[in-house]
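>>> sequence isn't available, so here's the structure alone:
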């Protein structure tokens, strides 16, 4: 019985990891989905809301493929822990960086994803409180789809 | 099952052997948690109340990093009674915190806690605490950090 419970637990964990069963993973999936919809429906832009189920404050940040300097990070209106996490990710990327980065930063943890379906022309970030969701706008431009708003 | 028991026993032994006194962490952790909360909730000010480890009377000092002679420390204390207490407790010894630090000088002992990142004390504050009510520490968000601005 114990063995069965253990196996079920491991499988559930693996499934969760594989499909990004986290708020950041879901947001990344929603961006990819919106980009696909935009192309499939031949629209120029799409606006969508994504609930973020966290019971504490958080920051969503989008970093362009060309990166961001330490000085620029220091100037952002973000709490200390978020800046430190951003600095660390820039210096020690947790994945092979191919495009812009999406980060969901919390007081004691951060989760990062590489965005390969869209581009970001400038650093965008939003600081939200517990229970608040985010709103993003994707716009089709020459050369791809850009995230043009993060609210 | 036996592995579980072994793990539980191991954890109990580790806890028992740990040299960290949890009561020392209360002051530090309470302030640190309140400061993190203040930063992330984008509030401008807040107050955290902490029950002190030692009973009153006590002198509480909030000091930025620096070198403070006993005489200088007495100068920060507005209360004459508090000055006398400080004189007795310090016996002419200076305090030289290398980080922003909170000191509680009580008759039964001294408690001190340092703060590192993102928590600063812009100027020395001294409080003569005569009752056993919780110590109230006022915090203010300043840029991406937090300052200790008052004690009560």
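Looks like it came in fine. All values derive from a computational prediction rather than experimental measurement.
>>> ok, which stretches of chain B are helices?
With DSSP state H applied, chain B shows helices at B:2-17, B:22-40, B:70-76, B:80-90, listed in chain order.
>>> ok, now which ones touch the residue nearest to residue A:44 when sequence neighbours are not counted?
For residue A:44, ignoring the flanking residues on the chain, the nearest one in space by C-beta to C-beta, 6 or more residues apart in numbering or on different chains is residue A:140 at 5.2 Å. Where C-beta positions appear, they are placed from N, C-alpha and C, glycine not excepted. Residue A:140 is in contact with A:38-39, A:43-45, counting by C-beta atoms under 8 Å, 6 or more residues apart in numbering or on different chains.
>>> now for the helix or strand that contains residue A:30, which elements pack on it?
Under the criterion DSSP states H and E, the helix or strand holding residue A:30 is helix A:23-40. The criterion is 3 or more C-beta pairs under 8 Å, 6 or more residues apart in numbering or on different chains; DSSP states H and E, and the helices and strands that helix A:23-40 contacts are strand A:45-50, strand A:101-105, strand A:110-114, strand A:134-141, strand A:144-150.
>>> out of the ones you listed, which comes closest to residue B:68?
The closest of the helices and strands packed on helix A:23-40 to residue B:68 is strand A:101-105. By C-beta to C-beta, the value is 37.5 Å.
>>> is stretch B:145-152 anywhere near chain A?
Yes. Applying C-beta under 8 Å from any C-beta of the partner chain, one finds that stretch B:145-152 is in contact with chain A at residue B:145.
>>> how far off centre is that stretch?
Between the centre of stretch B:145-152 and the centre of its host chain there is 11 Å, according to C-alpha atoms, centre = their mean, to the nearest Å.
>>> for that stretch, buried residues please.
The neighbour-count check on stretch B:145-152 (16 or more other C-beta atoms under 10 Å in any protein chain shown) flags B:145-149, B:151 as buried.
>>> ok so, going back, mind listing what's buried along the helix holding residue A:30?
Under the neighbour-count criterion of 16+ other C-beta under 10 Å, helix A:23-40 has A:23-28, A:30-31, A:34-35, A:38 buried.
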